[in-house]
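Engineer: take this sequence and fold it.
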Amino acid sequence: MKVLVTGATGFVGSAVTRRLLEAGHDVRVLVRDPAKLAAVGLDVDDVVQGDITDRAAMDRALAGVDAALGIAGTFREPNLSDERYREINVEAVRILVELAKQHGLKRVVHCSTVGIHGNVKGPAATEASPIVPDGIYEVTKAEGDRLARELGRELGLEVVVLRPTPIYGPGDTRLLKLFKMASKSRLIMLGDGKAGYHLVHIDDLADAFLLALDGAGVPGEAYIIGGPEQPSLNELIGTLASILGQDDQKTIRLPAGPVRLLGHACEIVCRPFGIDPPIYRRRVDFFINNRRYDIAKARTELGYRPQVTMRRGLEQTAAWYREQGML
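Structural biologist: As a prediction, the model looks like this:
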């Protein structure tokens with residue numbers, strides 16, 4: 001197929017683009033800075049320069065393609081206004097779906113996030129679990145998720161939404177702080193560490209995108225995409241410590257509640273002066289929020305079969321961090 005990918009210079013977009021090229025698809029990418037394609041190791045002939053919020057650029061990018069993968073977005077950029085979040089994570093979705101219908105595309109696959117389910121209460125969250133976003137990023141991603149599915153049904157266009165769990169793998173740095181934490185002989189933990197932290201390796205996520213592109217999944221539906229295991233934070237850090245040679249790591253546990261209150265106070269004091277607070281609630285929430293998800297629907301309807309075990313994926317990522325001199 002002729003496939004448009006937005007966000008091809010990002011971690012997820014570049015991995016998916018690479019997989020599409022390997023599979024023999026004819027790929028077009030929409031990027032703001034074409035020079036960044038070489039930086040992520042991509043050699044793509046069909047490049048459209050532009051922004052996903054620019055309707056004219058999207059119109060050019062969608063002309064003559066069979067399907068589109070909407071991966072571009074923004075991820076918790078502290079200096080971004082709420083309006084810009086909404087432009088990128090909501091209105092750009094509207095532009096993509098509307099123009100895809102006008103150009104006669106067969107299918108659109110939209111990248112959402114499990115973050116829209118918030119702190120999971122009780123059993124592992126499914127796609128039918130409550131949508132309880134926390135913060136402007138999650139709020140706008142939830143709006144874009146719903147808009148993609150509803151507008152697709154309204155226009156008669158096949159739209160499938162993927163909700164990845166926290167993504168990791170060689171090439172990404174979002175878990176670097178966790179790796180550095182686990183590399184110490186002494187670890188300070190907030191809370192009991194029993195909360196789930198369900199990851200998905202970038203290779204498994206790329207597989208899910210290709211499955212959805214090739215016609216798997218029900219139009220108008222969303223699918224949680226996670227790894228084969230549902231570890232607790234304790235299990236994740238324990239595995240990391242073992243990989244990083246800290247089998248005898250000592251853990252000091254602090255109660256999360258008082259530290260979170262302190263973080264709230266720091267935010268109140270620091271933000272009016274434009275100072276980044278040394279402690280803030282989101283950092284504490286990392287230790288206590290439950291991120292455990294059920295991928296049964298993706299297995300059944302997408303044919304999704306995650307292959308990368310947590311240990312193997314973490315070993316690959318640790319090796320890449322070391323190669324880059326980050327760890």
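Engineer: do a quick rundown of the strands in the stretch 1-150 of the chain.
Structural biologist: Taking DSSP state E, counting those that start in this stretch to define them, one finds strands in the stretch 1-150 of the chain at 2-6, 26-31, 46-49, 67-70, 107-111.
Engineer: shaky segments in the stretch 151-300 of the chain?
Structural biologist: Counting by pLDDT under 70, the ranges of the stretch 151-300 of the chain that qualify are 280.
Engineer: show me where it has strands.
Structural biologist: Assigned by DSSP E, counting those that start in this stretch, the strands in the stretch 151-300 of the chain fall at 158-164, 167-168, 186-190, 200-201, 222-225, 250-254.
Engineer: out of the ones you listed, which gets nearest to residue 133?
Structural biologist: strand 158-164 (12.1 Å; CB to CB). Glycine gets a C-beta too; all of them are placed from N, C-alpha and C.
Engineer: so how far is the closest one from its chain's centroid?
Structural biologist: Centre-to-centre, strand 158-164 and its host chain are 12 Å apart (CA atoms, centre = their mean, to the nearest Å).
Engineer: follow-up on the earlier one: right, and the strands of the stretch 151-300 of the chain - which one's nearest residue 13?
Structural biologist: Proximity to residue 13, assessed across the strands of the stretch 151-300 of the chain by CB to CB, is greatest for strand 167-168 (11.6 Å).
Engineer: given that closest one, what are its sheet partners and their directions?
Structural biologist: With DSSP bridges as the test, strand 167-168 is paired with strand 200-201 (parallel).
Engineer: quick one: residue 306 and residue 165, what's the gap?
Structural biologist: From residue 306 across to residue 165, the span is 10 Å (CB to CB, to the nearest Å).
Engineer: more neighbours, those two?
Structural biologist: residue 165 (25 against 21; other CB atoms under 10 Å).
Engineer: ok, for the more buried one, nearest residue in space, not its chain neighbours?
Structural biologist: In space, residue 165 comes closest to residue 226 once its chain neighbours are excluded; the distance is 4.0 Å by CB to CB, 6 or more residues apart in numbering.
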